[in-house]
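> have a look at this fold, sequence not included:
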């Protein structure tokens, strides 16, 4: 038979557990990234790629963030030992935040403590969670889907999470409405950051080209598997991403080895989202693009320190 004290203890425990369950899930720390500049078609593009500094074996290396990649990490050297090291380093970075690289041993060149663009971070790290990209502030973080409190629904919409067979990642796909073409499925691809809308279907590309009213310029865009021959029109096409996001996008078309999943006809770059807080909620299958938060002013204590 339960005594009064025992009942009181069970009630107290239940209240504690309820309180813990109702506490908001903690977001991961903000992690800085750099914009990688490139020359495309003779034009300098300051926001060509998102590059994340990662400390690997005491050296600060750089990995490109690519939401259009359906793996966790790919080492550009294709060596298994590098993949394992980069995965471990990225895991720690997203969990604990950035940390300084260790000081290089005496007698070594300072440049030995750094390495170049060594690999790519794919969407495998974000499955079941939410990825936030502060594209204006140059930082990113992971947070639980359950702890997400986005802004107005008009700022985004539903997001399909497509996991190709045999992959460890998922592709974020949204539906957009292109003037003159209608609704299309589009891959939100940070790996195509410098582009507006890359049309995968030749017929769609030809229609978009006519709508833009401009002659395309051809150039080679660098890819991990070799250069892709691309055409970009100086004109623009009108695209509705959501109720609150209607933009004029630069249309492009690239001939490459990329084989899109069935029904996917557009790759959406970050051309029109460069000043936004972009949230790709893989767990909740939704996306949002809200105004970027203002940087928090340092406290008086931090200013004194």
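Structure received. What you see is a predicted model; the values in this text were computed from it and never measured. Numbering: from 1, shown residues only.
> am I right that residue 230 is in contact with residue 267?
No. Contact criterion Cβ atoms under 8 Å: residue 230 and residue 267 do not qualify, at 11.3 Å. Any C-beta I mention is one placed from the backbone N, CA and C, and that applies to glycine too.
> now for the two: what residues contact both?
Common neighbours of residue 230 and residue 267, using Cβ atoms under 8 Å, 6 or more residues apart in numbering, are residue 198.
> quick one, helices of this structure?
For the chain, the helices defined by DSSP state H occupy 4-22, 80-96, 202-212, 300-304.
> average pLDDT across the first one?
Per-region confidence: helix 4-22 scores 41 on mean pLDDT.
> so how far is residue 53 from the spatially closest residue to residue 173 that is not a sequence neighbour?
Closest residue in space to residue 173, ignoring its immediate chain neighbours: residue 160 at 4.2 Å, by Cβ to Cβ, 6 or more residues apart in numbering. Noted for residue 160: a distance of 31 Å to residue 53, by Cβ to Cβ, to the nearest Å.
> repeat that for residue 170.
25 Å.
> cool, and residue 219?
Taken as Cβ to Cβ, the span from residue 219 to residue 53 is 28 Å.
> do the same with residue 171
For residue 171, the distance to residue 53 equals 25 Å [Cβ to Cβ].
> swap in residue 288?
Residue 288 is 26 Å from residue 53, by Cβ to Cβ.
> with neighbour numbers in mind, choose between those two.
residue 288 (24 against 16; other Cβ atoms under 10 Å).
> what bridges to that one?
Residue 288 has the following beta-bridge partners by DSSP bridges: residue 156, residue 279.
> where do the strands sit along the stretch 151-300 of the chain?
156-158, 160-162, 171-178, 182-188, 197-199, 217-221, 228-232, 237-242, 245-249, 251-255, 264-268, 276-281, 286-291 (DSSP state E, counting those that start in this stretch).
> which parts of the first one are buried?
Along strand 156-158, the positions that meet the burial threshold by neighbour count (16 or more other Cβ atoms under 10 Å) are 156-157.
> low-confidence bits of the stretch 101-250 of the chain, can you list those?
101-114, 147, 149-153, 222-227 (pLDDT under 70).
> spit out the contact partners of residue 83.
Counted by Cβ under 8 Å, 6+ apart, residue 83 has contacts 73-75, 119.
> what do you get if the cut-off is 10 Å, keeping everything else the same?
By Cβ atoms under 10 Å, 6 or more residues apart in numbering, the contact list for residue 83 reads 71-75, 77, 119.
> this completes my enquiry, with thanks.
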